[in-house]
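**Student:** predicted structure and sequence below. I'll ask about it afterward.
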Amino acid sequence: MLRIPCPWCGPRDETEFCYGGQAHVPYPADPSTVDDADWAGYLFFRDNPKGWFAERWMHRAGCQRWFNVVRHTVTYEISASYPPGTSRPDVA
Amino acid sequence: MTADPGLLAVRRGPLTGALAAGSAQTVAVRDVPGRTLVELRVATNQDGSGAVESALGFDLPAAGHTSRDGQQLAVWLGPGWWLLDAPAATGPRTLEAPLVHRLRDSGGELSAVEVSAGFAVLELSGPRAPAVLAHGCSIDLHPRVFGRGRSARTMLAKAQVVFALTDDAPTYRIWVRSSFARYLVAWLLDAATEYLCEDPTRSSG
C-alpha cells in the first residue's frame, strides 16, 4: 500500500484517498472556440509516462481536500506533494 | 428555538444504555451522551478565524490539534474546518448564535451548523487504549508523536472517525457517525478483548 503525504494531514494510507488522474489539465480558456478534436483531447487524452507523473489525489477520509502528488509510475516513489493551484515543484 | 430542558432530559445518544465495558486498569470504552456538536467552516482565503476566535472566547487549533476552554473542545478537521464539542447544557444556540452574529458583522464567509444528532461520542481510556486503537488505524500513536492535544481524522477499522487525545490516562475521545457507532463499539470491544482479560479481577478465576 502507498503511504501518501497529504499536505495538511501528513502521511496516510492509500485507502484514505481517492485518485483524480493527471494534474495540471487546464479547462479551455474559451470553451466555445475549441474544436472537437481539442475538446476530445481535453476530456479524454492523458499522458501515460513511464517515470515521474503529476497526479491528483483527494484525502477522502481526512481533510477532504484535493492536492497534487508527483509519483514515479515504476517505483511508486513519491517525490512531492503540494496544494492545488500551485505549480509543479522542480523535483525529479 | 431555545433548548427545551424537557427535550434535553430525554435526549439519548445512539449508544445510551448499551455500553459499559472495561476497567481503568487496562482499557475502558464509554459513551459520552448528549454533547453539543457544531461544525464550523471558515473560507480559507480570508482571515475569518480571528473573528470566530473572539466570538468563541478561545483559539482555534492548528492542523492536527485540538484546543479547549473548560468543557468546550475544538478539533481541527481540515483547512478552515473545525468541530466544536460542548456540554449539552450549553445548547446549540449558545454556540451557534455568537458565531452567526459575528459573521454578519464581519461579512466573512463562514458557516456554523449544529451536527449533534449526526455523531456519537465515545471515550476509550486506560493504559491499553493506544494498543486497541492501533489494531484498526495506521496513525502513529506513540506519545512522542501523538501527544495530548493532538487529533486525527482517519479510518478506524472500517469507520471514518475523528479522534483526539484529551488526557494522559490516556483518554481518546472518538467522534463517529451515528450510523457507524454500534459497529465501531462492537469492533472496539472485540479489539479490546485480549486486554480486558489482563484485568486481575477478571483473570483471577
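**Tutor:** Right, received. Where do you want to start?
**Student:** hmm, stretch A:66-76 touching chain B?
**Tutor:** No. Judged by C-beta under 8 Å from any C-beta of the partner chain, stretch A:66-76 stays clear of chain B, getting no closer than 10.5 Å. The C-beta positions use only the backbone N, C-alpha and C, and glycine is treated the same way.
**Student:** what residue ranges in chain A score low on pLDDT?
**Tutor:** Residue ranges of chain A with pLDDT under 70: A:92.
**Student:** near chain B, which residues of it?
**Tutor:** Within reach of chain B by C-beta under 8 Å from any C-beta, chain A has these residues: A:Trp8, A:Cys9, A:Gly10, A:Arg12, A:Asp13, A:Thr15, A:Glu16, A:Ala61, A:Gly62, A:Cys63, A:Gln64, A:Arg65.
**Student:** 6 Å instead?
**Tutor:** Within chain A, the positions adjacent to chain B are A:Trp8, A:Asp13, A:Glu16, A:Ala61, A:Gly62, A:Cys63, A:Gln64, A:Arg65 by C-beta under 6 Å from any C-beta of the partner chain.
**Student:** quick one, which of those residues are buried?
**Tutor:** Neighbour counting by 16 or more other C-beta atoms under 10 Å in any protein chain shown classes A:Trp8, A:Asp13, A:Glu16, A:Ala61, A:Gly62, A:Cys63, A:Arg65 among the residues of chain A next to chain B as buried.
**Student:** can you pull up the most central residue in chain B?
**Tutor:** B:Trp175 (4.3 Å; C-alpha atoms, centre = their mean).
**Student:** next one: the strand or helix carrying that one to chain centre, how far?
**Tutor:** Using DSSP states H and E, B:Trp175 falls within strand B:171-177. In this view, strand B:171-177 has its centroid 5 Å away from the chain centroid, taken as C-alpha atoms, centre = their mean, to the nearest Å.
**Student:** contacts for that strand next, please.
**Tutor:** B:119-125, B:129, B:159, B:161-166, B:184 (C-beta atoms under 6 Å, 6 or more residues apart in numbering or on different chains).
**Student:** so which of these is the most crowded?
**Tutor:** For these, the largest number of neighbours (other C-beta atoms under 10 Å in any protein chain shown) sits with B:Ala164, at 27 neighbours.
**Student:** longest strand of chain B?
**Tutor:** Longest strand of chain B, by residue count under DSSP state E: strand B:159-167.
**Student:** ok so, going back, find the nearest non-adjacent residue to the residue nearest to the centre of chain B, please.
**Tutor:** Among residues not flanking B:Trp175 along the chain, B:Val162 sits closest, at 4.5 Å (C-beta to C-beta, 6 or more residues apart in numbering or on different chains).
**Student:** mind listing the residues bridging to the one you found?
**Tutor:** Beta-bridge partners recorded for B:Val162 (DSSP bridges): B:Arg153, B:Trp175.
**Student:** just list the residues touching it, thanks.
**Tutor:** B:Val75, B:Arg153, B:Trp175.
**Student:** what's the mean pLDDT across the helix or strand harbouring the first one?
**Tutor:** The reference is to B:Val75. Assessed by DSSP H and E, B:Val75 sits inside strand B:72-78. Mean pLDDT, strand B:72-78: 93.
**Student:** for the helix or strand just after it, packing partners?
**Tutor:** Following strand B:72-78 in sequence order, the next helix or strand is strand B:81-86 (DSSP H and E). In terms of contacts (3 or more C-beta pairs under 6 Å, 6 or more residues apart in numbering or on different chains; DSSP states H and E), strand B:81-86 is packed against strand B:36-42, strand B:72-78.
**Student:** alpha carbons of strand B:81-86, as PDB, please.
**Tutor:** Output of strand B:81-86 as PDB, limited to C-alpha atoms (Å, rounded to 0.1, in the frame of the first residue of the first chain):
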ATOM      1  CA  TRP B  81     -12.800  23.400   9.100                       C
ATOM      2  CA  TRP B  82     -13.400  22.600  12.800                       C
ATOM      3  CA  LEU B  83     -15.600  20.600  15.100                       C
ATOM      4  CA  LEU B  84     -16.700  22.300  18.300                       C
ATOM      5  CA  ASP B  85     -17.700  19.900  21.100                       C
ATOM      6  CA  ALA B  86     -19.500  21.400  24.100                       C
END
